[in-house]
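>>> give me a 3D structure for the following:
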Amino acid sequence: MFALCMSGLQAVSATENIEESLKFMGVLTGELIAIGLATYVSEGMIQAFADVRSSIYDLPWFEYSKQSGQRIHLMIAMCNFRGLRTMFGYELTLLHFGDVLNASYKYYNLLLLTMK
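Okay, here's the model as predicted:
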């Protein structure tokens, strides 16, 4: 969030040198693409694990042997995947990605107002 905010601020505040402004706009675009792709992959993994979990859940596990039933139960427990996480522990989902963009924009506006 801090990197997004500061990249946007540097891109706007570099009014004298257009090359520096373009450089920071490139960094900002790269950050947004990287976070967006990671979020998209995480959402796909969450959905895939949910599909596997629902298909295993519908199996008649009570008809299998005790050991097979335990394995099916273990597979269901392993499919409770909550998504990729950042190094700070935040989940990478589209909902959280929107929250990060919203907070970054608010901090960006706050810093922009303090510079005037």
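>>> what's near enough to touch residue 73?
Contact partners of residue 73, counting by CB atoms under 8 Å, 6 or more residues apart in numbering, are residue 61. Backbone N, C-alpha and C define where each C-beta goes, glycine included.
>>> other SSEs contacting the helix or strand containing residue 29?
Assigned by DSSP states H and E, residue 29 belongs to helix 18-57. Contacts defined by 3 or more CB pairs under 8 Å, 6 or more residues apart in numbering; DSSP states H and E place helix 18-57 against helix 2-13, helix 66-78, helix 94-115.
>>> in that helix, what's buried?
Using 16 or more other CB atoms under 10 Å as the test for burial, helix 18-57 gives 21, 24-25, 27-28, 32, 35, 39, 42-43, 46, 49, 53.
>>> let's have these in TSV, adding distance to residue 96 and pLDDT.
TSV is the format used below for the buried residues of helix 18-57 (distance: CB to CB, whole Å; pLDDT from 0 to 100):
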residue	distance to residue 96	pLDDT
21	29	73
24	24	74
25	24	77
27	22	78
28	19	78
32	14	80
35	10	79
39	8	80
42	9	80
43	10	80
46	12	79
49	18	82
53	21	83
